[in-house]
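Visitor: show me how the following folds:
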Amino acid sequence: MDFSGNHILSIDQFDRSDIEKLFSVADNLEPFASKEKITRVLEGAILGNMFFEPSTRTRISFGASFNLLGGNVREITEVGSSSLAKGESLADTAQVLSGYSDIIVLRHPENGSVQKFAEASRVPVINAGDGSNEHPSQALLDLYTIKKELSQNKKNLDNLRIALVGDLKYGRAVHSLCKILSKYSNVKMDLVSPGELQLPEDLLNQLTDAGVSVNQTENLEEGISEVDIIYVTRVQEERFNNKEDANKYRGLLSLNQSIYTANCEPNTVIMHPLPRDSRSDANELDRDLYANPNLAIFRQADNGVVIRMAMFALVLGVEDKIEKTAKPVNWKVGLSS
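Guide: Predicted coordinates:
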């Protein structure tokens, strides 16, 4: 894959060498993400950060990543604040906004919408989630997190054992993660979900065609008993026809410390793309897991910054220029101990 000047719309664009290249750039950017150094390599560049669905981590981390590289961010955070509310097409919006931006990040509620937008854009577009379809940057940061967590136990991405738990039908983060994991060898995957929320058949076929060993179950304890990673997702309430339908599945597959202790291997890592539904009737990950050192959800969220910095650096062709602009940080970073 040639990153420079191109869109990132789907995990299907990546092969293993592309992923390794991105991760290598991300590793080099760690000191900048953690504010040990600063760079102005994208000084003067403008990101159009367009989010037509609610977002906390993805929107803020894309913006922060661009800022950390020295660029400026302009945002639209809802359809009602854009001319789409007046009937303007996505294609016209793309034509206009690509004249104001050097790169655009787009989240939109319709499957395939980011592809349509990119076809009309005059600058690179990154897919930040299109309906229940894909979320490529989430899959990349998830895989980066899995790699780092496994390395603590001298394991790697080949021979991975992972349980995907929750709404596998509508969860776009899960869909992209399945695609990226299918590129590795000897992967064993337990798919834990209510029968009505199972992984879509096309993705299931893609996994089996790639040689992934798949086990589908509705039993949480069975699914998490022999895995390296537990990846929990929330019920995607916004994809259901009504809230009542979504409520039927809320809380069915909650994980707490007692379930973990009784069923999991000692080093099994717990992940979640967030937001975690912490309402009492859902409680996907109980608060008693916060004391568990294998809970990686906040390390996972932190990795979103460095991965998205690497995406910007590669697409805008500055990955080899960052260190040349490096400077020391002049302010106090973090809380005093």
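Visitor: which one is the residue nearest the centre of the chain nearest to, not counting chain neighbours?
Guide: Nearest residue to the geometric centre of the chain (C-alpha atoms, centre = their mean): residue 138, 1.0 Å. Among residues not flanking residue 138 along the chain, residue 173 sits closest, at 4.5 Å (C-beta to C-beta, 6 or more residues apart in numbering). Every C-beta, even on glycine, is put in place using the N, C-alpha and C of the backbone.
Visitor: so who does that neighbour touch?
Guide: 135, 138-139, 142, 233, 273 (C-beta atoms under 8 Å, 6 or more residues apart in numbering).
Visitor: ok, which pair from those residues is furthest apart?
Guide: 139 and 233 (12.6 Å; C-beta to C-beta).
Visitor: and the residue nearest to residue 138, what helix or strand is that in?
Guide: helix 172-181 (DSSP states H and E).
Visitor: how does the chain divide into domains?
Guide: Per automatic domain parsing, the structural domains of the chain span 11-135+304-328, 136-298.
Visitor: dump those domains into TSV; add distance to residue 1 as well.
Guide: Output for the domains of the chain, formatted as TSV (distance: least, C-beta to C-beta, whole Å):
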stretch	distance to residue 1
domain 11-135+304-328	4
domain 136-298	12
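Visitor: now those domains as JSON lines including mean pLDDT and distance to residue 334?
Guide: Shown next, in JSON lines, are the domains of the chain (pLDDT from 0 to 100; distance: least, C-beta to C-beta, whole Å):
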{"stretch": "domain 11-135+304-328", "mean pLDDT": "93", "distance to residue 334": "8"}
{"stretch": "domain 136-298", "mean pLDDT": "92", "distance to residue 334": "14"}
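Visitor: my read: residue 77 touches residue 58, true?
Guide: No - using C-beta atoms under 8 Å, residue 77 is not in contact with residue 58, being 11.9 Å away.
Visitor: mutual contacts of the two, please.
Guide: residue 51.
Visitor: who's more crowded, the two?
Guide: residue 58 (26 against 16; other C-beta atoms under 10 Å).
Visitor: so the more buried one, which state does it fall into?
Guide: Secondary structure assignment for residue 58 (DSSP: H, G, I helix; E, B strand; the rest coil): helix.
Visitor: that one contacts residue 136, doesn't it?
Guide: No - using C-beta under 8 Å, residue 58 is not in contact with residue 136, being 11.2 Å away.
Visitor: next, residue 128: phi, psi?
Guide: Main-chain dihedrals, residue 128, degrees, to the nearest 10: phi -100, psi 20.
Visitor: pretty sure it sits against residue 134.
Guide: No - the criterion here is C-beta under 8 Å, and residue 128 misses it with residue 134 at 10.0 Å.
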